[in-house]
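[1] Test case, fold it:
(one chain, ligands or ions: 1)
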Amino acid sequence: MREHPNFQRLFVVDHPLVQHKLSLMRDKNRSTNGFRSLLREIALLMGYEITRDLPTELVEIETPVAPAQVPKLAGKKLAVVPILRAGLEMADGLIELVPSARIGHIGLFRDPVTKRPTEYFVKLPEAADGRLFVVVDPMLATGHSLAHATQILKKHGVPPSLIRVMALVAAPEGVRAFHAVHPEIPVYVASLDSHLDDHAYIVPGLGDAGDRLFGTK
Ligand code: URA
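    Residues are numbered from 1 along each chain as shown. This next block holds a predicted model:
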């Protein structure tokens, strides 16, 4: 994983397995089933990087051979917060990695008048005692939804130092827009693509992630 040379707090998970699986996902002929499995696998691999600095504490156990002090995750369980609906499948990969994680949900729609994201569903685990919150949405396009979801977490009482964003593919415009509002929040992606087109699709991107995940149009 490396911090992008032109964007502070943008981390690109450049592991060869992640890059290979993302390339398979971009192919327009990939099946719904294959697309979904690949996203879950990538989320798991990215989760390994994102959770690299989780605090641990020593606990006493007995192995079949001898007493031992061993490290276990310390503090409150991780919280995974997918933005509905495309975030759901990506969250599943992270939850596979950390099965004890708590799960929040944020549902947003674009207000037809203001054109801004507006929430229709928010349910979050308690913000307590060092719990890390990972907001998940595969496509960081305009950045508005992720910025709004992050604002919801801040209002919920989550300290900015305990918020991370995980996306699959980002557009430079979206990263700039997100960091204009939340400069301190680290963003983890598998790829920073070229740009947004006139319909706010990421280029080259992979199309509509929600439709490809759920087989809708
Ligand atoms: N949302 C998507 O699903 N794809 C894009 O390219 C942009 C936003």
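[2] hey, let's count contacts and neighbours off CA atoms from now on
    Noted.
[3] Can you classify L94 as helix, strand or coil?
    helix (DSSP: H, G, I helix; E, B strand; the rest coil).
[4] ok, now which ones touch the residue nearest to it when sequence neighbours are not counted?
    Using C-alpha to C-alpha, 6 or more residues apart in numbering and skipping the chain neighbours, the partner closest in space to L94 is L44 (5.0 Å). When contacts are counted by C-alpha atoms under 8 Å, 6 or more residues apart in numbering, L44 touches G93, L94, I95, E96, L97.
[5] now the residues you listed in TSV, with neighbour count and pLDDT?
    Shown next, in TSV, are the contacts of L44 (neighbours: other C-alpha atoms under 10 Å; pLDDT from 0 to 100):
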residue	neighbour count	pLDDT
G93	22	96
L94	26	96
I95	21	96
E96	15	95
L97	17	94
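[6] Return the closest of these with respect to A177.
    Of all the contacts of L44, A177 sits closest to L94, with 25.5 Å by C-alpha to C-alpha.
[7] how many neighbours does Q8 have?
    16 (other C-alpha atoms under 10 Å).
[8] quick one, what contacts F178?
    By C-alpha under 8 Å, 6+ apart, F178 lies in contact with G143, H144, L146, A147.
[9] which ones among the residues you listed are found in helices?
    H144, L146, A147 (DSSP state H).
[10] ranking the residues you listed by neighbours, who comes first?
    Within the ones in helices among the contacts of F178, L146 tops the neighbour count with 27 neighbours, counted by other C-alpha under 10 Å.
[11] Out of the ones in helices among the contacts of F178, which is nearest to the ligand?
    Checking those against the ligand by C-alpha to the nearest ligand atom gives H144 as the nearest, at 10.6 Å.
[12] Surely that closest one is in contact with H179?
    No: with contacts counted by C-alpha atoms under 8 Å, H144 stays clear of H179, the gap being 10.6 Å.
[13] Now that G143 has come up, it's in contact with A177, right?
    Yes: counting by C-alpha under 8 Å, G143 touches A177, with 5.8 Å between them.
[14] of these two, who's got more company?
    Taking neighbours as other C-alpha under 10 Å, G143 and A177 compare with G143 leading, 21 against 17.
[15] So the helix or strand where the residue nearest to L94 lies, near the ligand or not?
    Per DSSP states H and E, L44 falls inside helix 32-50. No: contact of helix 32-50 with the ligand (C-alpha under 6 Å from any ligand atom) is absent, the minimum separation being 12.7 Å.
[16] So what's the residue count around M166?
    30.
[17] what do you get for S100?
    Applying other C-alpha under 10 Å, we find 12 residues neighbouring S100.
[18] Tell me the pLDDT of it.
    Looking at S100, its pLDDT reads 92.
[19] Enumerate the residues of the protein near the ligand.
    Residues of the chain lying close to the ligand (C-alpha under 6 Å from any ligand atom) are M139, A141, A200, Y201, I202, G205, G207, D208, A209, G210.
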